[in-house]
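Q: output the structure for:
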Amino acid sequence: MMKKKILAAILASVMVLSIAGCNQEQSGGNNSTNDTTEGTQAPSNEGGNGEAAENPLTILAWESNSDIKNMVKIFCEETGTDPSMIVVSPQGSNGEGGRDQYQQYLKGDGDADLMCLEADWILQYINDDSLTAPLSDIGIDESKLANPYSYTVAIGKNEAGVLKGASFQAAPGGFCYRADLAEQYLGVTSPDEMQALIGDWDKFQAAAKTLYEASEGKTSMAATEGGLWQVFQANRTQPWVKDGKLVMDTATEFYTIATSFKENNYLAGVPQWDPAWYAAIQDGTALGDFVPTWGMTNAEGSILYNFTNEGKNEGTMAFCEGPSNYFWGGTWLGVSTKCNNKELAQQFVEFFTCDPDGMKAYSLGTGDFCNNKSVMKEIVDEKSNSNALLKDGQDQFGIFLGAADGINLDGLITKYDSVIKGHFNDSVNGLLDGTYEDAAAAEVGFKQKVKASFPEIEVE
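A: Got it, this is the predicted structure:
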């Protein structure tokens with residue numbers, strides 16, 4: 001976790017580098033769209049022989065969640081399950097949409113056995129016994145989980161300590177960058193050399209200054225404020241809400257950091273999830289950006305895939321840890337109180353969270369990082385993963401393996417996180433684009449939105 005003294009060092013280096021660069025001219029939840037399967041988007045009970053499947057396993061997911069589509073395909077292939085026996089029911093276009101639409105759907109008559117839950121809002125569901133059942137209802141308890149990362153288990157428990165969610169993936173992140181431009185402007189020829197150059201926040205900013213000057217103002221270090229924010233918010237030392245009160249923790253200081261990064265051209269300032277994000281990497285406006293596990297697959301639609309111009313610029317990118325450990329997103333499988341196919345629900349959850357062979361098949365089949373420490377180490381040690389979109393087929397799992405061990409979120413997740421984090425990032429963007437006059441005004445605007453969304457929270 002990034003401690004207060006590290007934050008102080010960031011702020012100190014911000015001020016020093018701001019002075020040094022003053023003569024220089026002047027950024028869901030898992031939104032992954034890498035989809036390697038077909039046909040599980042819309043509900044359908046039609047089997048291959050044209051007959052309706054009896055009592056299929058129905059899984060609620062948001063439309064852009066390609067993880068679950070890939071999982072259904074792999075599960076059916078590995079277990080021999082008829083694909084008609086599993087239905088993915090789309091609820092909302094993205095994670096936030098799923099968060100909002102699940103409740104309405106579950107109150108109706110529609111079938112629901114399992115559901116995909118995001119870290120930012122999982123507590124909203126697992127603390128509501130009218131919506132979710134314990135995993136023990138389908139025969140799964142914590143002892144069955146196969147060597148998971150501890151933070152994923154902590155997030156899957158409700159306030160009473162009951163396990164209600166199991167994650168099939170861990171989602172650490174790192175820094176993805178143009179290998180050719182890093183060599184041209186920074187003189188680095190390998191991910192290890194890049195990591196040595198940007199391994200802490202002081203170094204990261206110093207390298208960003210060197211990069212901008214060496215490129216004659218053409219290239220910033222990172223593309224988006226949103227990427228920087230993901231690293232920062234994952235390293236909070238306190239939860240957003242504690243004892244019913246809003247806790248700013250280090251959030252106030254992020255206004256200063258983000259402003260400095262923009263003013264010194266360490267950020268290209270393009271929006272995430274916009275074509276301009278990918279274009280900034282492709283045309284060299286930005287050297288790279290912060291990307292999590294699920295964005296680093298070589299599948300069509302992934303963040304990395306788009307960085308490489310839909311795979312056309314294969315081998316131009318490289319990957320390293322970056323200045324700080326962090327996690328971004330991740331999905332948990334929860335059991336609906338309406339579950340009426342417990343046998344198949346148990347088999348599905350066990351395959352991806354309890355069975356090492358199933359988890360390994362998922363990782364090697366998708367390029368995603370499964371939630372099993374032993375399996376991921378085995379894959380790295382045997383060098384069975386190679387990412388064709390990275391320079392020299394670099395194995396991104398080797399980077400993620402160390403980063404995942406540094407994630408600790410015990411006591412830091414609340415049911416308010418998804419909405420509060422959205423409000424805060426909106427306020428930062430408002431500060432950077434001039435909507436707010438200064439950081440104080442941005443903070444006031446943020447707090448007003450929190451109070452409007454959650455009147456029960458005490459906001460000072």
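
Q: going by C-alpha atoms from here, please, whenever you check contacts or count neighbours.
A: Noted.

Q: and Y125, helix, strand or coil?
A: Three-state assignment for Y125 (DSSP: H, G, I helix; E, B strand; the rest coil): helix.

Q: okay, now it: neighbour count?
A: 23 (other CA atoms under 10 Å).

Q: residue contacts, it?
A: Taking CA atoms under 8 Å, 6 or more residues apart in numbering, we find Y125 in contact with L131, T132.

Q: what about 10 Å?
A: 99, 102-103, 117-118, 131-133, 158, 164-165, 334, 336, 415 (CA atoms under 10 Å, 6 or more residues apart in numbering).

Q: check K391 too.
A: Contacts of K391 (CA under 10 Å, 6+ apart): R178, A179, D180, S190, P191, E314, G315, T316, M317, A318, F319.

Q: follow-up on the earlier one: just the buried residues from the contacts of Y125, in ChimeraX please.
A: Only the buried entries of the contacts of Y125 go into this ChimeraX selection, using 16 or more other CA atoms under 10 Å:
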select :99,102,117,118,131,132,133,158,164,165,334,336,415
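
Q: which of the contacts of Y125 lies closest to E458?
A: K415 (15.2 Å; CA to CA).

Q: and that closest one, that's in a strand?
A: No. Assessed with three-state DSSP, K415 is coil; it does not lie in a strand.

Q: hmm, E159 is touching I122, no?
A: No. Counting by CA atoms under 10 Å, E159 does not reach I122; the two are 11.7 Å apart.

Q: who has more neighbours out of the two?
A: Taking other CA under 10 Å, E159 and I122 do not tie; I122 has more neighbours (28 against 10).

Q: from E443, how far out is the more buried one?
A: 26 Å (CA to CA, to the nearest Å).

Q: F175 too?
A: Distance from F175 to E443, by CA to CA: 28 Å.

Q: next: V459.
A: Relative to E443, and taking CA to CA, V459 is found at 11 Å.

Q: could you name every residue contacting both of the two?
A: M248.

Q: so between those two, which is more surrounded?
A: E443 (20 against 16).

Q: do you know how far the more buried one is from D426?
A: On the measure of CA to CA, E443 and D426 end up 11 Å apart.

Q: can you check C354 too?
A: Taking CA to CA, one finds C354 at 39 Å from D426.

Q: again, but for F261
A: Counting by CA to CA, the gap from F261 to D426 is 17 Å.

Q: please apply the same query to Y149.
A: Shown here: Y149 relative to D426, a distance of 31 Å by CA to CA.

Q: comparing those two, which residue is more hemmed in?
A: Set side by side, Y149 and D426 show more neighbours around Y149, with 21 against 16, by other CA under 10 Å.

Q: who touches the more buried one in this structure?
A: So Y149 contacts S167, Q169, A170, C370, N371, N372, K373, A404, D405, G406, I407, N408 (CA under 10 Å, 6+ apart).

Q: just the closest of the contacts of Y125 to G398, please.
A: The closest of the contacts of Y125, once distances to G398 are taken by CA to CA, is E118, at 24.9 Å.

Q: tell me how many other residues crowd the residue nearest to that closest one when sequence neighbours are not counted.
A: Leaving out its chain neighbours, the residue that sits closest to E118 by CA to CA, 6 or more residues apart in numbering is T331, at 4.8 Å. Neighbourhood size, T331 [other CA under 10 Å]: 27.

Q: do N235 as well
A: 21.

Q: same thing with E300?
A: Burial of E300 is recorded as 15 neighbouring residues (other CA under 10 Å).

Q: isn't there a helix covering it?
A: No. E300 sits outside any helix when classified using three-state DSSP, being coil.

Q: can you give me the helices in the stretch 351-460 of the chain?
A: Here the stretch 351-460 of the chain has its helices, by DSSP state H, counting those that start in this stretch, at 356-366, 373-382, 396-405, 417-432, 439-453.

Q: now do the longest one against helix 439-453, angle only.
A: Read that as helix 417-432. 150 degrees (axes from the mean of the first three to the mean of the last three CA atoms, to 10 degrees).

Q: what about helix 417-432, average pLDDT?
A: Helix 417-432 carries an average pLDDT of 92.

Q: and stretch 391-398, by the same measure?
A: On average, stretch 391-398 scores 95.

Q: could you export it as CSV, CA atoms only?
A: Provided in CSV are the C-alpha atoms of stretch 391-398 (Å, rounded to 0.1, in the frame of the first residue of the first chain):
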residue,chain,number,x,y,z
LYS,A,391,7.7,-7.1,-28.2
ASP,A,392,9.5,-10.5,-28.4
GLY,A,393,6.3,-12.2,-27.2
GLN,A,394,6.8,-11.0,-23.7
ASP,A,395,4.8,-12.9,-21.0
GLN,A,396,2.8,-10.3,-19.1
PHE,A,397,2.1,-12.8,-16.4
GLY,A,398,5.7,-12.6,-15.2
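
Q: flag every buried residue along that stretch.
A: K391, Q394, D395, Q396, F397, G398.

Q: how close does Q230 sit to G97?
A: 20 Å.

Q: of those two, which one has the most company?
A: Shown here are Q230 and G97; by other CA under 10 Å, Q230 has more neighbours (20 against 16).

Q: not counting sequence-adjacent ones, nearest residue to that one?
A: Distances taken as CA to CA, 6+ apart place W328 nearest to Q230, at 6.4 Å, with adjacent residues excluded.

Q: now R99: which helix or strand?
A: For R99, the element it lies in under DSSP states H and E is helix 95-106.

Q: ok now that helix, how far from the chain's centre?
A: 19 Å (CA atoms, centre = their mean, to the nearest Å).

Q: sheet partners, orientation included, of the following helix or strand past it?
A: Using DSSP H and E, the helix or strand that directly follows helix 95-106 along the chain is strand 114-118. Partners of strand 114-118 in the sheet, by DSSP bridges, are strand 57-61 (parallel), strand 331-336 (antiparallel).

Q: now strand 114-118 and helix 95-106, what's the angle there?
A: 150 degrees.

Q: for strand 114-118, what is the average pLDDT?
A: Strand 114-118 carries an average pLDDT of 96.

Q: can you list the weak-confidence ranges in this structure?
A: 1-53 (pLDDT under 70).

Q: quick one: the strands in it?
A: In the chain, strands defined by DSSP state E lie at 57-61, 86-90, 114-118, 132-133, 165-167, 173-178, 220-222, 241-242, 245-246, 286-292, 317-320, 331-336, listed in chain order.

Q: need those strands in a markdown table with distance to Q195, can you?
A: Listed next are these as a markdown table, based on distance: least, CA to CA, whole Å:
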| stretch | distance to Q195 |
| --- | --- |
| strand 57-61 | 36 |
| strand 86-90 | 40 |
| strand 114-118 | 30 |
| strand 132-133 | 43 |
| strand 165-167 | 29 |
| strand 173-178 | 9 |
| strand 220-222 | 13 |
| strand 241-242 | 34 |
| strand 245-246 | 35 |
| strand 286-292 | 13 |
| strand 317-320 | 6 |
| strand 331-336 | 28 |
